[in-house]
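Chemist: when you get a sec, could you give me coordinates for this:
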Amino acid sequence: MAVSLNFARRPFRDYRPVHATILAAGAFGLLLFVLNVRDFYAFRRSTAGRVQEIQRATHSATLADTLAEREQARLVAFPLQSLQSESQQINALVQERKFSWTTLLGHLENVLPGEVFLTRLAPKIDPDGTAAIDLDCVGKSPDSIVRTIAALEKSSYFSGAVPHSETDPEKGSPEGFRFLLSVRYNPEPAS
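Modeler: Got it, this is the predicted structure:
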């Protein structure tokens, strides 16, 4: 058996690789720490404007929500029924303004028989541009009402002629046979 003689008080161990590894790891850790600190401050600088932008957008959204709620409350309190009736009246006035009397009179002149005279004309204009017309007429003979209704029904502008009353002339009166009709008028008939 071999005898080993060791006169050292403690055994020799080589700690240089351990110290070099610790030093390298510490330097590498320090480098990573410095890079992280640099990235943190760069990120913070770049997002500082974004944070303010987000705060402004949030504030704007809050103001818009408040304004929308206020306008919604005003809209609920607004008298929509009266506004609707006013708009219907205005639309009726617009339709009456668009109604062409000249065209109506021209169509009546072309349709009515020569023996019939028109004494009163009262249209009630619908929103679609058509009209219900009351006609007071005077004819020379008792057959004038029949000829008038037939002529109105032949025309593509008039439809649904309905007689309401008829009176004979009094003796010695220059007027002829009076009659009242209702008829539908469409200024642009379907072909």
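Chemist: wait, is Leu5 part of a helix?
Modeler: No. Using DSSP: H, G, I helix; E, B strand; the rest coil, the assignment for Leu5 is coil, not a helix.
Chemist: could you report the neighbour count for it?
Modeler: 4 (other Cβ atoms under 10 Å). Every C-beta, even on glycine, is put in place using the N, C-alpha and C of the backbone.
Chemist: need phi/psi at it.
Modeler: phi -110, psi 120 (degrees, to the nearest 10).
Chemist: next, the contact list for it, please.
Modeler: If a contact means Cβ atoms under 8 Å, 6 or more residues apart in numbering, then Leu5 has no contacts.
Chemist: which pLDDT value goes with it?
Modeler: You'll see Leu5 listed with a pLDDT of 74.
Chemist: cool, the one 5 residues further on as well?
Modeler: Each residue has a pLDDT score; the one for Arg10 is 74.
Chemist: SS state for it?
Modeler: coil.
Chemist: and for Pro123?
Modeler: Pro123 ends up strand, using three-state DSSP.
Chemist: now it, which residues is it bridged with?
Modeler: Ile133 (DSSP bridges).
Chemist: burial count for it?
Modeler: 17.
Chemist: right, and it touches Leu104 too?
Modeler: Yes. In this structure, Pro123 is within contact of Leu104 by Cβ atoms under 8 Å, at 7.1 Å.
Chemist: what sits in contact with each of the two?
Modeler: Shared contacts of Pro123 and Leu104, counting by Cβ under 8 Å, 6+ apart, come down to Ala131, Ile133, Tyr185.
Chemist: out of these, who's nearest Thr167?
Modeler: Ile133 (19.9 Å; Cβ to Cβ).
Chemist: test my guess that the closest one contacts Ala122.
Modeler: Yes. Applying Cβ under 8 Å as the test, Ile133 and Ala122 come out as touching, 6.9 Å apart.
Chemist: of the two, which one has the most company?
Modeler: Ile133 (20 against 11).
Chemist: okay, now Val111: neighbour count?
Modeler: Val111, neighbours per other Cβ under 10 Å, totals 18.
Chemist: show me the contacts for it.
Modeler: So Val111 contacts Ala151, Leu152, Lys154, Ser155, Tyr157, Phe158 (Cβ under 8 Å, 6+ apart).
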